[in-house]
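J.: Fold the following for me, if possible:
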Amino acid sequence: MRLMLARFALILSLLLPVWFMVAALGVRFDLWSWRLGLGVLIVQWGPRLLIGAFILAVVALVATLARSPRSGWRAALVALIIPVLGFGYMAYVRSQATAIPPIHDIATSPEDPPTYSAELLALREAAGANPVAELSTPLTSLPAYQGPRFATFADRSLGQVGQDAYPEVKTLTTIRSAAEAFAAAAAEVEAQGWTLVSSDPAAGRLEATAETFWFGFKDDVVIRVRSGEPGGPTAIDMRSTSRVGLGDMGANAARIEAYLASLGKRLAGG
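T.: Okay, here's the model as predicted:
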């Protein structure tokens with residue numbers, strides 16, 4: 001009986017990662033909405049399942065160690081470790097979420113950000129995506145940022161909040177011509193595996209959509225290549241904006257950093 005309890009606890013714990021993967025992939029393959037997959041199956045039910053598996057594993061471990069023969073304690077221990085790791089990861093995610101501002105629109109130059117074309121804005125609207133606000137807009141004047149939770153951002157614009165949180169997100173400059181930089185930027189978009197939405201060499205603007213693996217979340221990016229004074233450097237700016245959700249857990253800033261770092265290497269070695 002004790003061995004069966006330990007095995008059952010182990011099976012339940014092993015099914016926990018399956019639950020979270022199915023919840024995420026169901027969103028990616030349009031089996032259900034992100035609100036159901038992330039908000040209900042993971043955020044609401046995830047901790048409850050972890051607690052249930054944890055309690056059952058503790059009972060199984062105590063039962064197998066209480067008296068001889070102590071068979072099954074290893075299975076019970078593994079069953080206990082899995083939800084503990086799950087709690088640890090959830091605590092890490094929660095700490096990350098509280099350490100960064102709940103925004104989802106980041107640009108290298110908040111004072112003069114690249115702008116999305118009417119074509120891409122129409123795609124976002126058709127998908128029911130977050131509206132794209134001016135980065136100069138005071139954060140707490142936006143409908144999604146009302147209430148005491150956002151009181152600390154009262155004196156700053158959306159762009160300023162992003163710049164303060166991610167000071168390393170900066171304009172990339174190169175000695176290459178605007179035409180060379182634009183070609184390299186387009187090649188890097190392809191290398192990143194993003195879906196190209198528009199390419200306008202005359203305006204120096206590229207637009208694309210990036211998609212995450214697990215949930216299939218789509219974030220839109222615009223890249224602007226602009227030359228300065230004759231013989232001066234070429235400036236490459238970028239903006240990345242999530243379609244859904246209030247905060248992005250730093251994903252847009254990380255995307256910009258990774259893209260510009262790879263593009264810088266491409267320009268240096270091309």
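J.: for the protein, what spans make up the strands?
T.: Assigned strands in the chain, in chain order: 105-107, 172-174, 195-200, 205-211, 218-227, 234-242 (criterion: DSSP state E).
J.: Most tightly packed of the ones you listed?
T.: Most buried of these, by mean neighbour count (mean count of other Cβ atoms under 10 Å): strand 105-107, with a mean of 28. Every C-beta, even on glycine, is put in place using the N, C-alpha and C of the backbone.
J.: Tell me which other helices or strands it touches.
T.: helix 158-165, strand 234-242, helix 251-269 (3 or more Cβ pairs under 8 Å, 6 or more residues apart in numbering; DSSP states H and E).
J.: among the ones you listed, which is nearest residue 207?
T.: Ranking these by distance to residue 207, with Cβ to Cβ as the measure, places strand 234-242 first at 9.8 Å.
J.: Give me the distance between residue 261 and residue 255.
T.: Using Cβ to Cβ, to the nearest Å, one gets 11 Å for the distance from residue 261 to residue 255.
J.: quick one: which of those two has more around it?
T.: Between residue 261 and residue 255, counting by other Cβ atoms under 10 Å, residue 255 is the more crowded of the two (21 against 11).
J.: Bridged to the spatially closest residue to that one that is not a sequence neighbour, which residues?
T.: Nearest residue to residue 255, sequence neighbours excluded (Cβ to Cβ, 6 or more residues apart in numbering): residue 240, at 5.1 Å. For residue 240, the beta-bridge partners under DSSP bridges are residue 106, residue 221.
J.: Quick check, residue 240 in contact with residue 256.
T.: Yes - the criterion here is Cβ atoms under 8 Å, and residue 240 meets it with residue 256 at 5.4 Å.
J.: who's in contact with residue 240?
T.: By Cβ atoms under 8 Å, 6 or more residues apart in numbering, the contact set of residue 240 is 105-107, 210, 219-221, 252-253, 255-256.
J.: Same check on residue 119?
T.: Contact analysis of residue 119 by Cβ under 8 Å, 6+ apart lists 197-198, 207.
J.: again, only using 6 Å
T.: With contact taken as Cβ atoms under 6 Å, 6 or more residues apart in numbering, residue 119 is in contact with residue 198.
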